[in-house]
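S.K.: model this:
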Amino acid sequence: MLTVQDLESGYGPMQVLWKPGIHVEKGTITSLLGPNGVGKSTFLYTVFGSVEPWGGTITYSGQDVTTFPTHKKVEMGIALVPEGKHLFPDMNVYENLSMGAYVKKALEHKDESMELVYSLFPRLKERRKQLAGSLSGGEQQMVTIARALMTKPELIMLDEPSQGLAPLLVQEVFRTIEKMKEEIGLTILLVEQNADAALNAASYIYILHEGRIKAEGTPEDIKKSADIREAYLGI
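M.R.: Coordinates of the predicted model:
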């Protein structure tokens, strides 16, 4: 579904990505792992179009989308859940979710998408009239993910969804991520620092370090390699 080859990008004169490449199969969870500051978020933002690529190619569903603007990629079915909880704190949960259904395709299916989101996140249905700013950290993360689902994506990219959450909430978020794949057939590209949780959820793993892919394989391959775990994952 998504193939990235020799991707280069950065900020100003500083190059961050040095030709990493990955392939994300339709209907799978693919994880991009690595320590802080190695370019994982930059990779997602470049794929999404928020950071301009300097070189390489991004192919989505067989189409070269390297230079497509972000709004066009959203219309094509790509969504990004950024790191942190970017909510409208003075709007309630329902209103925050509604803000996700802004593209024409999504607006036409808003009620249907809302029911789907509530089935995945029953707590959000209970809290739908509550101000987003008054929710717990875990609930705010659920709203952030759910709002991206309102765009009716086929590929959703998650940037550090477990960041700052207590261990029990991390488990809950990852259970929901797996439900997104199993129950609604979403394809997921997951950037995560919690290596254990990502290894348990993903079908395939890429290790990014200093802007380059240093290793890849199934979770079993990565778990078996003490060198990879110690050098890049700290586990």
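S.K.: Now do the helix of greatest length in the chain: which elements does it pack against?
M.R.: For the chain, the longest helix by residue count, based on DSSP state H, is helix 167-184. The contact analysis (3 or more Cβ pairs under 8 Å, 6 or more residues apart in numbering; DSSP states H and E) places helix 167-184 against strand 29-33, helix 110-120, helix 137-149, strand 187-192, helix 195-201. Glycine gets a C-beta too; all of them are placed from N, C-alpha and C.
S.K.: and the shortest one, what does it pack onto?
M.R.: What it means is strand 29-33. Of the remaining helices and strands, those touching strand 29-33 by 3+ Cβ pairs under 8 Å, 6+ apart are strand 22-24, helix 40-48, helix 167-184, strand 187-192, helix 195-201, strand 204-209.
S.K.: Output these in JSON lines; the columns should cover mean pLDDT.
M.R.: Below are those laid out as JSON lines (pLDDT from 0 to 100):
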{"stretch": "strand 22-24", "mean pLDDT": "98"}
{"stretch": "helix 40-48", "mean pLDDT": "97"}
{"stretch": "helix 167-184", "mean pLDDT": "90"}
{"stretch": "strand 187-192", "mean pLDDT": "96"}
{"stretch": "helix 195-201", "mean pLDDT": "91"}
{"stretch": "strand 204-209", "mean pLDDT": "95"}
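S.K.: Output those in a markdown table, with distance to Lys224 and mean neighbour count appended to each entry.
M.R.: Formatted as a markdown table, those follow (distance: least, Cβ to Cβ, whole Å; neighbours: other Cβ atoms under 10 Å):
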| stretch | distance to Lys224 | mean neighbour count |
| --- | --- | --- |
| strand 22-24 | 21 | 19 |
| helix 40-48 | 23 | 23 |
| helix 167-184 | 22 | 16 |
| strand 187-192 | 20 | 24 |
| helix 195-201 | 11 | 19 |
| strand 204-209 | 12 | 22 |
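S.K.: Quick check: bridge partners of Glu192?
M.R.: Leu33 (DSSP bridges).
S.K.: ok, Phe88 - contacts?
M.R.: Applying Cβ atoms under 8 Å, 6 or more residues apart in numbering, one finds that Phe88 lies in contact with 95-96, 99, 132.
S.K.: Then Ala195?
M.R.: For Ala195, the contact set (Cβ under 8 Å, 6+ apart) comprises 33, 229, 233-235.
S.K.: Apply the buried test to the residues you listed and list what passes.
M.R.: For the contacts of Ala195, a burial check counting by 16 or more other Cβ atoms under 10 Å picks out 33, 229, 233.
S.K.: does the residue nearest the centre of the chain belong to a helix or a strand, and which?
M.R.: With distances taken as Cα atoms, centre = their mean, Leu158 lies nearest the centre of the chain, 1.4 Å away. Per DSSP states H and E, Leu158 falls inside strand 155-159.
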